[in-house]
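In: this is the structure alone, sequence omitted:
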């Protein structure tokens, strides 16, 4: 049973930064992918970024490249999402999710989910 635990959310002013963490446990992660998603009130869950654990390849929408960076620490079984130049529109609950093999952008493709961490960006 895979467990994913997010942390690092909080309240930040526009233009500020946060680093989210997702600690994974419960299996070998060599052929596994972790994605970050976010969901704002009244909106659908949205893909933010993803990483392929084995090779470290990363995937991000063009709109977020340069502001958000995903990375992993093998020794700590942790995936990070560094978020810079935050905007009020980035406010949402951020979830990490896992699936075997390659990452995708579809939330329904992911089997394992964390509980989420709230990010609020004030203007």
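Out: Thanks, I have the structure now. Everything quoted here is computed from the prediction, not taken from an experiment. Numbers count the residues shown, from 1 in each chain.
In: quick one: residues in contact with stretch 34-50.
Out: For stretch 34-50, contacts defined as CB atoms under 8 Å, 6 or more residues apart in numbering pick out 4, 20, 22, 24, 33, 51, 53, 58-61, 64, 68-70, 72, 79, 81, 90-99, 103-107, 110, 116, 119. (Each C-beta comes from the backbone N, C-alpha and C, glycine too.)
In: quick check: end-to-end length of that stretch?
Out: 6 Å (CA to CA, to the nearest Å).
In: report the buried residues of it.
Out: Buried residues in stretch 34-50, counted by 16 or more other CB atoms under 10 Å: 34, 35, 36, 37, 38, 45, 47, 48, 49, 50.
In: got the contact list for residue 111?
Out: 2, 97, 98, 99, 100.
In: got the buried residues of stretch 34-50 as JSON lines, with pLDDT and secondary structure columns?
Out: Formatted as JSON lines, the buried residues of stretch 34-50 follow (pLDDT from 0 to 100; DSSP: H, G, I helix; E, B strand; the rest coil):
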{"residue": "34", "pLDDT": "95", "secondary structure": "strand"}
{"residue": "35", "pLDDT": "96", "secondary structure": "strand"}
{"residue": "36", "pLDDT": "97", "secondary structure": "strand"}
{"residue": "37", "pLDDT": "98", "secondary structure": "strand"}
{"residue": "38", "pLDDT": "98", "secondary structure": "strand"}
{"residue": "45", "pLDDT": "97", "secondary structure": "coil"}
{"residue": "47", "pLDDT": "96", "secondary structure": "strand"}
{"residue": "48", "pLDDT": "96", "secondary structure": "strand"}
{"residue": "49", "pLDDT": "95", "secondary structure": "strand"}
{"residue": "50", "pLDDT": "95", "secondary structure": "strand"}
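In: kind regards, and thank you for your time.
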